[in-house]
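1. This is a predicted model, with the sequence first.
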There are 4 protein chains.
Amino acid sequence: MLDAIKYPAAPLWTGDFYNEGINRENLFDKLKEECGVFGVYGHPEASHLCYYGLHALQHRGQESGGICTSDGSQFHYHRGMGLVKEVFDNDKLSSLEGAVAIAHVRYSTAGESKLANAQPLVFKYREGDLAVATNGNIVNAPEIRKRLERQGSIFQTSSDTEVVAHLIARSQHDDIVEAVRDALAELNGAYAFLFMTNGKLIAARDPHGLRPFVLGKLGDAWIFASETCAFDAVGAEYVRDIEPGELLILDGAGMKEDRFSPSLKRAVCAMEYIYFSRPDSDIDAVNVHSARKRMGRQLAMEAFVDADIVTGVPDSSISAAIGFAEQTGIPYELGLIKNRYTGRTFIQPSQELREQGVKMKLSAVRKVVEGKRVVMIDDSIVRGTTSLRIVNLLREAGAKEVHVRISSPPFKNPCFYGIDTPDRKELIASQKSIEEIRKAINADSLHFLTKEGLIESIGRLSDEEHGGHCTACFDNVYPTQVPNDEETAAAACGGCD
Amino acid sequence: MLDAIKYPAAPLWTGDFYNEGINRENLFDKLKEECGVFGVYGHPEASHLCYYGLHALQHRGQESGGICTSDGSQFHYHRGMGLVKEVFDNDKLSSLEGAVAIAHVRYSTAGESKLANAQPLVFKYREGDLAVATNGNIVNAPEIRKRLERQGSIFQTSSDTEVVAHLIARSQHDDIVEAVRDALAELNGAYAFLFMTNGKLIAARDPHGLRPFVLGKLGDAWIFASETCAFDAVGAEYVRDIEPGELLILDGAGMKEDRFSPSLKRAVCAMEYIYFSRPDSDIDAVNVHSARKRMGRQLAMEAFVDADIVTGVPDSSISAAIGFAEQTGIPYELGLIKNRYTGRTFIQPSQELREQGVKMKLSAVRKVVEGKRVVMIDDSIVRGTTSLRIVNLLREAGAKEVHVRISSPPFKNPCFYGIDTPDRKELIASQKSIEEIRKAINADSLHFLTKEGLIESIGRLSDEEHGGHCTACFDNVYPTQVPNDEETAAAACGGCD
Amino acid sequence: MLDAIKYPAAPLWTGDFYNEGINRENLFDKLKEECGVFGVYGHPEASHLCYYGLHALQHRGQESGGICTSDGSQFHYHRGMGLVKEVFDNDKLSSLEGAVAIAHVRYSTAGESKLANAQPLVFKYREGDLAVATNGNIVNAPEIRKRLERQGSIFQTSSDTEVVAHLIARSQHDDIVEAVRDALAELNGAYAFLFMTNGKLIAARDPHGLRPFVLGKLGDAWIFASETCAFDAVGAEYVRDIEPGELLILDGAGMKEDRFSPSLKRAVCAMEYIYFSRPDSDIDAVNVHSARKRMGRQLAMEAFVDADIVTGVPDSSISAAIGFAEQTGIPYELGLIKNRYTGRTFIQPSQELREQGVKMKLSAVRKVVEGKRVVMIDDSIVRGTTSLRIVNLLREAGAKEVHVRISSPPFKNPCFYGIDTPDRKELIASQKSIEEIRKAINADSLHFLTKEGLIESIGRLSDEEHGGHCTACFDNVYPTQVPNDEETAAAACGGCD
Amino acid sequence: MLDAIKYPAAPLWTGDFYNEGINRENLFDKLKEECGVFGVYGHPEASHLCYYGLHALQHRGQESGGICTSDGSQFHYHRGMGLVKEVFDNDKLSSLEGAVAIAHVRYSTAGESKLANAQPLVFKYREGDLAVATNGNIVNAPEIRKRLERQGSIFQTSSDTEVVAHLIARSQHDDIVEAVRDALAELNGAYAFLFMTNGKLIAARDPHGLRPFVLGKLGDAWIFASETCAFDAVGAEYVRDIEPGELLILDGAGMKEDRFSPSLKRAVCAMEYIYFSRPDSDIDAVNVHSARKRMGRQLAMEAFVDADIVTGVPDSSISAAIGFAEQTGIPYELGLIKNRYTGRTFIQPSQELREQGVKMKLSAVRKVVEGKRVVMIDDSIVRGTTSLRIVNLLREAGAKEVHVRISSPPFKNPCFYGIDTPDRKELIASQKSIEEIRKAINADSLHFLTKEGLIESIGRLSDEEHGGHCTACFDNVYPTQVPNDEETAAAACGGCD
């Protein structure tokens, strides 16, 4: 979130620090997945565990990956652009020695992005080496950055992580734990932080618990991850979710459980359940697939429609679609199929070929949908362009009717907490009525899940003591202070860091 | 199928002509997918259509890809190891000029394989340039090859395709169509062939129609593909399945529909419906997903078991699992999840890490299966090792009972028609009773779909006139002559060519 | 040399079998270097020796490299496009097991060329595996190929090597040595052949000894190479040059020295001394650098000119320039310098930048040549375009006079023996008088070495018994039958195979 | 120069910030080449000019390359590991828009090094974007860095350049020119700096002129380079050497010639003439090849020896060897030859193969040296290991006597000004007498050029007014304050930044 004043016209410059040519048109068809963090304390094959852990978190970021290990006296470090399996080979992994490690995957924007922004970031400061990895977004990073620049700081990345490193280095405290406390005290935002020195691993989760962050165990080693699916991948046992405002410090003396902030009202990101997290992960002890299936059932109860088949938009809406089918008794069918082999390097068809019908990623299955009344379940509508495209695919394949059911409320407000959302005026639900959206996406009918239905479906214990969810993107109620609308263009989250 | 005498102990040497180090242990966990062919006659962007078509057929082969175009006077040609998106970039694709093209994807064995075997193969012979691409397997290729070698032929690949090219070159006929006829007359096997010269495109399907092969249209251009999903990908319209024994000849005079063989009893490969083809494809006008769902329903009728959840082994068994769930009313759940980002270059975990529980590709979802009686649907059991692993995954995740239901009959006999199967004695169903298999895979109960149930589920018009299916892998009834058991080791299909 | 009739207009199509876009304009600035062969019999690290041997022969071919080893029962094989160091890594090299190996580097044309043409070529025929590597050119390959095609042979490469493999496979003899004899008996041309089976290594040199080929020893192992510099690279001892018409057979019984042809008049390629071979190599026991220096001295005696400095065109003309300087007492200076880092992947400057003076490969050193009368020594003039460019470089850098002295006679006739030469009508010396050439290249004076001076400088024992040199490119006297002028365009050597 | 206290045992850690595995044994066979800078102001194809300019400076650094352009409002930036031709392709180059650019090549250490250290470095600070590229070394960077760290600065590279950026950011002046002045005022060392903002290009050379830095013109554009050979490469005209202590400022108002320091005694690095610079470059109007040839002549006068041939160690000693030969009348011969194709990725031979005589880079030419008394000219002896190896090569090739003549005085003292030298105690001339060195390198005789002879040979106008050379590595007289011996290990130059 750097330098809002100089770049007012380019709210998305973050992933594009020195302008390597983002294709803006492709940016918002879908919400961008965020980042994922993974950490190990006390396992002889720490770097290999990071590799498998990051791989399990790959859905949270396909742009870049990195691992930094400490052997107790020095760091070993590698990062690169691409999927985890592309960034690391066995030689590189084996050269990352040490029993302590932090690791990171970063999300992919449509354009090229900078290796310099790949995490973990590694710094030297007066007390030695420091590595930092984070998932989330610091809302007030632009102001802090400006203040630091006025004080003579230089920045080499557009990452919030660098801001935090500056705060640590400028702390009055020499002790890293105290310096981290000083830095966190200045932050307003959503984050799961892992800090590493040659001696300590420190984990911190934002005071509202906006971003998921879990603690696990593998033998005597402690494991940290954005999602529990990474524990399953490495054979680790889930211990508990890290508490909002909690500070965990691991060193030779063991793990110390501390806090850097009092307990604020918990506000777990609802979109993690709806769209981002892997279905086999549990957040706050609630399984994501099961929550999604309940959303589908709830949606069926709220907005039943008589139809011949139910189909989900792969992959994230399959669970909800099955829930809808089970609740209604309308058979679930594979009306849409996704090509698994599409990826970053894929050659886009020419305009002409596209008009002739060349498709790459998603196809409708003619035999399944032809002549049918179809209920199409999707998890959200952002700008509406993707929804229109999918409805049309179904119609071209012969669907008689297409009834769209969305397993979340209308998405109306930008996220400032780590999800890459467009400007408010590009969010279709912020600009149009439900009926207008229905027309815009060419659907026969359209219904969104209610916020109450959503909360009910997630089913987390959600009360005064446990706190609730962040549903700001639906209801405009942000758990922290956020920029007003004039500032939004500059400060809205351009990705996680 | 080369040199059976010298390599008797290595039935799979085919993908390994000069021994580049196959990891044999990984070879048979799963039946290997076959190859895919795609062809275009009369479209200015033929090479681009091939790219998107091959991409849609990528599930049939991930080892290598190739495209050969003809601009009428010469060939333009590129092939390489890897996924289609890795083999081609825009420059390469654009350099492949011409309105006629044939293209191919080849399946991936565990070890490295030879670029030399990648198709299309391109030859010079007395009449000029010839390109050939095929999906299938020629049962009598080893004998023909030996005869040709005795006559002084040399071979540079281990591919059956090269054998056919030799037969064409040695034909008494100068006319390519007659020469192709001569060559096909000598073949016993399963195949979808595309031949191209600078002037003609020729398509031929084996007299039993063992391998799928369809004809489509895109504007004025004719399109050929192994599966209809490739038509959807390029916006082409399905015209019809190519007839067994049919020979289609395209040149400046248009398309000529001819035959090279009388109509034999049709024997469409049942495994295409069960496992190989993409669910959105139609074979002989029957949609694959729908057939699989019916197999699941049929299986539920044949072998009901009371349970808490139904889960399918991703991806190929999801349709059958949903059918089973719908038929029984037991909820379908995401009990198993597959990591989408695993691929060829993935670093395998060390033995130690594997023992500690590191998993890469498939995980069981604890929250979903814990304490539950689980019905696990899979499409087939080959050697049983994969099934055992998955059952154990479910048990470790807390499943109370695991009932395995297989949506095909016991797989007992090797395939000679293009599917890479192990030796008969490695096929668990050929060596053990159902009860013994149940124990070997650690299941609480185990049932296979009956052959009758399978045929019923597929639902193709199947009678004297239309012919039936090849179910030789289940019932040992091969539609063509095949080697006896002593010859099997050498001649069994080591992959498609 | 394939299919002369169909491609009459494209004498160079050989490196361009299926037309991957040669940039013809760049083809003839300089004679193309040929290929190099290397072989090992009886060393446990045969593949590694090949690697270092090929590396020493890299100047003979930068397009592709390949190694095939035999462990006694099977082949291990790898080849690829690019420099030896790019084609092989340690893993690949170590996987090439066995104590017997043959290896090859292939020259680079300006355009892309086909991996399929990279050598060694490996074949299966009735007697098993066969690998072949060669340097040279078979003059009558087109006729043999046509005959073989009429007999039903198919060709997958444009290489003469494949023709020879066909001849071996079609021999009446089962014994490989006899079959090789049969094949060689049909050939007219220049060649150094290495054949390998799982059991034997066979070496053969053409009856005139046109192409260099030497035998060495490393401990108990036998080593074969195109040039002695490869022996120095691997620490092997030079034993002797292989005799013209000689056939060396190595197997478990040791080395058998035999002949496949009577001794014909020896005709060692003079261009190997003038330009192709590495200066530290010896051909027929004459050191190349020393021969070149003598050419320079001789040139000084034949065509003295008073000047301030002598400079050579790097790298091949440095030795001759030093000889000229020593003979005349005119100081040798570094008037021209070559950038070592230019290579295949270099980005060519735009026309505009070129006009502004951007240079990539060769620069004149202003401080050295400014105001000076310069003698510029070069080894040959092919089309004259390069010479003109270099003279102009020197003039732009301030040279007062530029006197060009060429250390070989005028190059007037195409080579059919493995050197990639243009059409006779593009050879400037074939079309223009010396005075016309002088004007065309903008020199103040121009002299070529006489043929007698050349032979004298080389200093090989050259008489009835020892035979002489091939100087056909200078005097049109070819040691073998060659095509007449109408056939030339099709048959002239498009590179070594 | 970072963190001297924590890494006292590893003077070379600089290129190895987070320890990616340097092979220390290979580090000091030869002095490492330094870095090169190139800049353009006012040319529409600035990035392309940088490409060709860097290519001409490639001998100064093969590790990494980078270009940063400014289009007036923003930066465009790319850098990468490897040769210039590997780092850039046409697309990347064309995406670097703008008429102003700075560019850099960095030297290669034996081990892997960090992309993070590749230059130009690009920063954001309160005034906007800043790019910096430099050749040289800041002697007091470690102290400044420590002071900055104490003030809360963080460092992401081990480069001195980052130190300078911090100083600029912390300057009291907002104006970039004044801020640069403030920063330079704190530096003690050797440097050629290029600074760029979106508006200005600033060049500065250290007050002693230790590192070369020249100004040129191409039409209306200004060009900056480490050596004049880069001007020849792009067709630019040499204007003058930049003055020691000079500050050139280019912006819309044209070029302003200013100073940041009074004129100190000029001390041009003598090793640039002896070894580093390209022979076609001129430093302070003296051509490098000519200077080297004079060193060879002078060496012949100082230390004549009767011999049969003179040979130089390629490439840097060829000029001196020719000078020696011309002076003595002993013929210059190609006794040693270097393989042009060796490079970073080359596979090292096993110990066993090395003992059998496998060589990769340098060979002696037996035919040339056998039975001869050889004068071997080299430019310097650092640790003596390379010299011993080369003398032994010549002896193994049959040289009767080997007389070593070095075209520079004994190298006794570490460099603090940008040349990567080992510890004083590893410098053989610092530890042993000439006679002891002679024995250590197995030479029959050994002589070094005298310092007086060196200065005389270079022939620069060298007096009170013009100043002299830095010959500290020979005579221990450093033009600036340098660390005392205890500090040396930490502060000695680990490469240019």
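-> Yep, it's here. Being a predicted model, the structure only gives us computed values, none of them experimental.
2. how many neighbours does the residue lying closest to residue A:467 once chain neighbours are set aside have?
-> Excluding the flanking residues, the one nearest residue A:467 by C-beta to C-beta, 6 or more residues apart in numbering or on different chains is residue A:266, at 2.5 Å. C-beta: built from backbone N, CA, C; applies to glycine. Residues lying near residue A:266 (other C-beta atoms under 10 Å in any protein chain shown) number 23.
3. Touching, residue A:266 and residue A:466? I think so.
-> Yes. Using C-beta atoms under 8 Å, residue A:266 is in contact with residue A:466, at 6.2 Å.
4. Tell me where the stretch 251-400 of chain A has strands.
-> A:254-259, A:267-269, A:282-283, A:286-287, A:309-312, A:336-338, A:362-364, A:373-378 (DSSP state E, counting those that start in this stretch).
5. wait, which of those strands is closest to chain C?
-> Closest to chain C of these is strand A:362-364 (C-beta to the nearest C-beta; 33.1 Å).
6. tell me what the closest one is packed against?
-> strand A:336-338, helix A:385-396, helix B:229-234 (3 or more C-beta pairs under 8 Å, 6 or more residues apart in numbering or on different chains; DSSP states H and E).
7. so which of those is the most packed in?
-> helix B:229-234 (a mean of 28; mean count of other C-beta atoms under 10 Å in any protein chain shown).
8. Quick one: distance of that helix to the chain centre.
-> Its chain's C-alpha centre and that of helix B:229-234 lie 17 Å apart, by C-alpha atoms, centre = their mean, to the nearest Å.
9. so where's the stretch 51-200 of chain A shaky on pLDDT?
-> Within the stretch 51-200 of chain A, the stretches with pLDDT under 70 are A:108-113.
10. State the mean pLDDT of stretch A:413-428.
-> For stretch A:413-428, mean pLDDT rounds to 89.
11. Touching, residue A:273 and residue A:455? I think so.
-> No. Taking contacts as C-beta under 8 Å, residue A:273 lies outside contact range of residue A:455: 10.0 Å.
12. ok, now which ones touch the residue nearest to residue A:467?
-> A:208, A:209, A:244, A:466, A:467, A:468 (C-beta atoms under 8 Å, 6 or more residues apart in numbering or on different chains).
13. okay, who's weakest in the residues you listed by pLDDT?
-> Among the contacts of residue A:266, pLDDT bottoms out at residue A:466, giving 73.
14. tell me the contacts of that one?
-> So residue A:466 contacts A:266, A:460 (C-beta under 8 Å, 6+ apart).
15. go on, the one 10 residues further on?
-> Counting by C-beta under 8 Å, 6+ apart, residue A:476 touches A:412, A:413.
16. ok, it to chain D distance?
-> Separation of residue A:476 from chain D (C-beta to the nearest C-beta, to the nearest Å) stands at 32 Å.
17. what about that residue, distance to residue A:411?
-> Distance of residue A:476 to residue A:411, given as C-beta to C-beta, to the nearest Å: 11 Å.
18. that older thread, okay, the helices and strands packed on strand A:362-364 in a markdown table with mean pLDDT and distance to residue A:54 next?
-> Formatted as a markdown table, those follow (pLDDT from 0 to 100; distance: least, C-beta to C-beta, whole Å):
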| stretch | mean pLDDT | distance to residue A:54 |
| --- | --- | --- |
| strand A:336-338 | 89 | 23 |
| helix A:385-396 | 93 | 28 |
| helix B:229-234 | 93 | 32 |
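19. ok, and the closest non-adjacent residue to residue A:192?
-> residue A:213 (3.8 Å).
20. I'd assumed residue A:70 was in contact with residue A:98.
-> Yes. Taking contacts as C-beta under 8 Å, residue A:98 lies within contact range of residue A:70: 4.9 Å.
21. out of the two, which sits in the more crowded spot?
-> residue A:70 (26 against 21).
22. and that one, bridged to which residues?
-> Taking DSSP bridges as the rule, residue A:70 bridges to residue A:75, residue A:100.
23. mind checking how far it is from chain D?
-> From residue A:70 to chain D the distance is 10 Å (C-beta to the nearest C-beta).
24. wait, doesn't that residue sit right on residue A:194?
-> No. Look at residue A:70 against residue A:194 with C-beta under 8 Å: they stay out of range, at 12.0 Å.
25. hey, where'd the helices end up in the stretch 251-400 of chain A?
-> A:270-271, A:288-302, A:318-328, A:351-356, A:366-369, A:385-396 (DSSP state H, counting those that start in this stretch).
26. Can you flag the weakest of those helices by average pLDDT?
-> helix A:351-356 (a mean of 82).
27. Tell me which residues of that helix come out buried.
-> Within helix A:351-356, the residues scored as buried using 16 or more other C-beta atoms under 10 Å in any protein chain shown are A:353, A:356.
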